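[1] give me coordinates for this.
(one chain, ligands or ions: 2)
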Amino acid sequence: MNELAAKRNAVAELMRISPLADELAGLFARAGHRLYLVGGSVRDALLGRLSADLDFTTDARPGEVLKIVSGWGDGVWETGIEFGTVGVTKRGATLEITTFRADSYDRVGRNPEVTFGDTIEGDLLRRDFTVNAMAIDLSTKQFADPHGGLAAVRARVLDTPATPQESFADDPLRMLRAARFVSQLGFSPAPRVVAAMTEMAGELSRITAERVQAELSKLLLGPRPRPGLELMVDTGLADIVLPEVPGMRLAIDEHHQHKDVYQHSLTVLEQAIALERRDGWEPDIVLRLAALLHDIGKPDTRRLEPGGGVSFHHHEVVGAKMARKRLRALKYPKQVIEDVGQLVFLHLRFHGYGRGEWTDSAVRRYVTDAGESLERLHKLVRADCTTRNKRKAATLQRTYDDLEERIARIAVEEDLAKVRPDLDGNEIMKLLGLPPGPLVGKAWRHLKEIRLDRGPLTHDEAVEELYRWAEANGVEPPER
Ligand code: ATP
Ligand code: MG
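    Ligands and ions are numbered 1, 2, ... in the order given. Model prediction:
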């Protein structure tokens, strides 16, 4: 397909799937303003994977945008308004409308300072990557692509509209966004982008934890976090926001007694993702963080043993602490921090299971300690096997199957133990005119047995069964 046809297709595709965009454009036109689809929406349409979330840009100032959309949107929110963004929900879609940007960065602040501009060209120049710097004028259906974004989409390359040095000095978060798009889109950064990232990685330290966390999560939740994380580590970005990960690159000792913990962790992450997919899960940030961080306690606990071996005693305890600390610094929600910490803490316990030597109570404790994260723990432990020895790997998976079966069996037994008969003791005493005593217990157990055999009974059926039992056991009920 030639470029023009590709553009026409993209425009047509966008129009087809987003009558919302047209509707909204009509409102802006009536108010005397222009509205463009822009950024991720245009990029994703060209990739044939448009989501329900649409990004727009306009010459209208945020206050006017608010006036135009209120009354039309199902919901309107203003959390981003100081950065020029008004959010609208309409028929299940999320629309973000941002006023044209102009030069605005002080190059020291923690957030971009915002001034508004008057042209689409000026706005596109200030976007992070050329693949995100395309727009469609919704009133004329004109495609604006001043920086060769379409060609970059086709080459799957991330490059900046201006020089990467200028761009990253304006907003260092863009460096982390590059790594995020590597994971999310499978694109590669241009060599000059990698060079600038390597040179300027330290600048990321002035970005707020909240903005860093949002991009890091998108990176981890993307389909290919490994190359995204490798880019972070290779350029030095990870040293700033996630130093424990590059910290796992241990020198391999001369005996090759242990594998590189860093490479192992990336493989465990990939294997955990494969298990998520197998079970039809949505990408799970807790599992993915736990897979990436499960061994971060190893460098600090590494000891060369007298015989030549290497040990990492209690690395799961140290690692859980380190993981919590890092995730707190990145301002993750409390539940995420606790769940990841607990998974890191528990990831090794299964290795004490041997060939099934655990008592039932040890199995119960494993289940209780994992709590809501039990299914995640199953995946983490299974993923944490990167040996190339096929027999060893198969044995480990089989042993884990065995543990899961025991967990299921114990759960069934405990559920059964919780089963109550369909009449309680008081009712039994009343119906049979019995005082408290062993006979009541006998009747109760009889009803429970019936329930276990046949499942729940209706109240009338239970009463019938009780009278039948009474007759067989010489108990004379009062007047029926
Ligand atoms: P997705 O929504 O799929 O996560 P996106 O590309 O839409 O990806 P958003 O964070 O929603 O990413 O941003 C929307 C658009 O705003 C981007 O496509 C880009 O054009 C622009 N943008 C976002 N953040 C920055 C930034 N830090 N610097 C420059 N432009 C940015
Ligand atoms: Mg977006």
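[2] for residue 28, what are its contacts?
    34, 35, 58, 60, 68, 138 (Cβ atoms under 8 Å, 6 or more residues apart in numbering). The way it works is simple: take the backbone N, C-alpha and C, and place the C-beta from them, glycine included.
[3] repeat for residue 316
    294, 297, 344, 345, 346, 347, 348, 349.
[4] of the contacts of residue 28, which belong to strands?
    35, 58 (DSSP state E).
[5] ok, back up a step: got a winner among the contacts of residue 316 for most neighbours?
    residue 294 (31 neighbours; other Cβ atoms under 10 Å).
[6] pLDDT score assigned to that residue?
    As predicted, residue 294 sits at a pLDDT of 97.
[7] just residue 404 next, same as before
    Residue-level pLDDT assigned to residue 404 equals 95.
[8] skipping adjacent residues, who's closest to it in space?
    In this structure, residue 404 finds its nearest non-sequential neighbour in residue 378, 6.4 Å apart by Cβ to Cβ, 6 or more residues apart in numbering.
[9] and for residue 456?
    In space, residue 456 is closest to residue 422, 6.3 Å off (Cβ to Cβ, 6+ apart).
[10] the one you found falls within a strand, correct?
    No - looking at residue 422 with DSSP: H, G, I helix; E, B strand; the rest coil, it is coil, so not inside a strand.
[11] surely it touches residue 455?
    No - in this structure residue 422 lies outside contact range of residue 455 using Cβ atoms under 8 Å: 10.1 Å.
[12] residue contacts, the residue in the stretch 251-400 of the chain that ligand 2 sits nearest to?
    For the stretch 251-400 of the chain and ligand 2, the shortest gap (Cβ to the ion) falls at residue 283, measuring 16.8 Å. Listed by Cβ under 8 Å, 6+ apart, the contact set of residue 283 reads 220, 221, 222, 273, 276.
[13] which residues sit in contact with residue 131?
    Contacts of residue 131 by Cβ under 8 Å, 6+ apart are 43, 149, 152, 153, 157, 158, 181, 185, 187.
[14] mind redoing it with 6 Å?
    43, 149, 152, 153 (Cβ atoms under 6 Å, 6 or more residues apart in numbering).
[15] which strand or helix spans the first one?
    So that's residue 43. Per DSSP states H and E, residue 43 falls inside helix 40-46.
[16] so which elements touch that helix?
    On a contact count with 3 or more Cβ pairs under 6 Å, 6 or more residues apart in numbering; DSSP states H and E, helix 40-46 meets helix 3-17, strand 54-58.
[17] which one of these has the poorest average confidence?
    Across the helices and strands packed on helix 40-46, the lowest-scoring stretch is helix 3-17, with a mean of 68.
[18] now the stretch 51-200 of the chain, which segments are flagged as low pLDDT?
    103-106, 110-112 (pLDDT under 70).
[19] whichever residue of the stretch 1-150 of the chain sits closest to ligand 2: neighbour count?
    Relative to ligand 2, the nearest point of the stretch 1-150 of the chain is residue 40 (3.7 Å; Cβ to the ion). When neighbours are counted by other Cβ under 10 Å, residue 40 registers 19.
[20] contacts only, for it.
    Shown in contact with residue 40 (Cβ under 6 Å, 6+ apart): residue 55.
[21] now with 8 Å, please.
    So residue 40 contacts 53, 55, 132 (Cβ under 8 Å, 6+ apart).
[22] what does residue 385 give?
    271, 393, 396, 397.
[23] and if we set it to 7 Å?
    393, 396 (Cβ atoms under 7 Å, 6 or more residues apart in numbering).
[24] which SS state does it fall under?
    coil.
[25] look up how far residue 18 lies from it.
    Using Cβ to Cβ, to the nearest Å, residue 385 is found at 45 Å from residue 18.
[26] looking at residue 422 and residue 455, which one has more neighbours?
    With neighbours defined as other Cβ under 10 Å, residue 422 and residue 455 compare such that residue 422 has more, 20 against 8.
[27] per-residue confidence for that one?
    84.
[28] swap in residue 208?
    For residue 208, pLDDT reads 96.
[29] what's the local residue count around it?
    Neighbours around residue 208, by other Cβ under 10 Å: 13.
[30] who wins for most neighbours among the contacts of residue 283?
    In the contacts of residue 283, the most neighbours by other Cβ under 10 Å go to residue 273, 25 neighbours.
[31] before we move on, which element is it in?
    Using DSSP H and E, residue 273 falls in helix 261-278.
[32] who does the next helix or strand after that helix touch, helix- and strand-wise?
    Note on helix 261-278: by DSSP H and E, the next helix or strand toward the C-terminus is helix 285-293. On a contact count with 3 or more Cβ pairs under 7 Å, 6 or more residues apart in numbering; DSSP states H and E, helix 285-293 meets helix 209-221, helix 261-278, helix 315-329, helix 334-346, helix 374-383.
[33] got the CA coordinates for the first one in CSV?
    This file holds the C-alpha atoms of helix 209-221, laid out as CSV (Å, rounded to 0.1, in the frame of the first residue of the first chain):
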residue,chain,number,x,y,z
ALA,A,209,7.1,9.2,41.4
GLU,A,210,3.5,9.3,40.2
ARG,A,211,4.4,10.0,36.6
VAL,A,212,7.2,7.4,36.7
GLN,A,213,5.0,4.8,38.2
ALA,A,214,2.3,5.3,35.5
GLU,A,215,4.8,4.7,32.7
LEU,A,216,6.6,1.8,34.5
SER,A,217,3.2,0.0,35.0
LYS,A,218,2.3,0.5,31.3
LEU,A,219,5.7,-1.0,30.4
LEU,A,220,5.3,-4.0,32.7
LEU,A,221,1.7,-4.5,31.6
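[34] do any residues in it lie close to ligand 2?
    No - Helix 209-221 does not reach ligand 2 (Cβ under 5 Å from the ion); its nearest approach is 10.0 Å.
[35] ok, and what's touching that helix?
    Here helix 209-221 has contacts from 173, 176-177, 179-180, 183-184, 225, 228, 241, 283, 285, 288-289, 329-332, using Cβ under 7 Å, 6+ apart.
[36] let's see it at 6 Å
    Counting by Cβ under 6 Å, 6+ apart, residues outside helix 209-221 touching it are 173, 176-177, 179-180, 183, 225, 228, 241, 283, 285, 288, 330-331.
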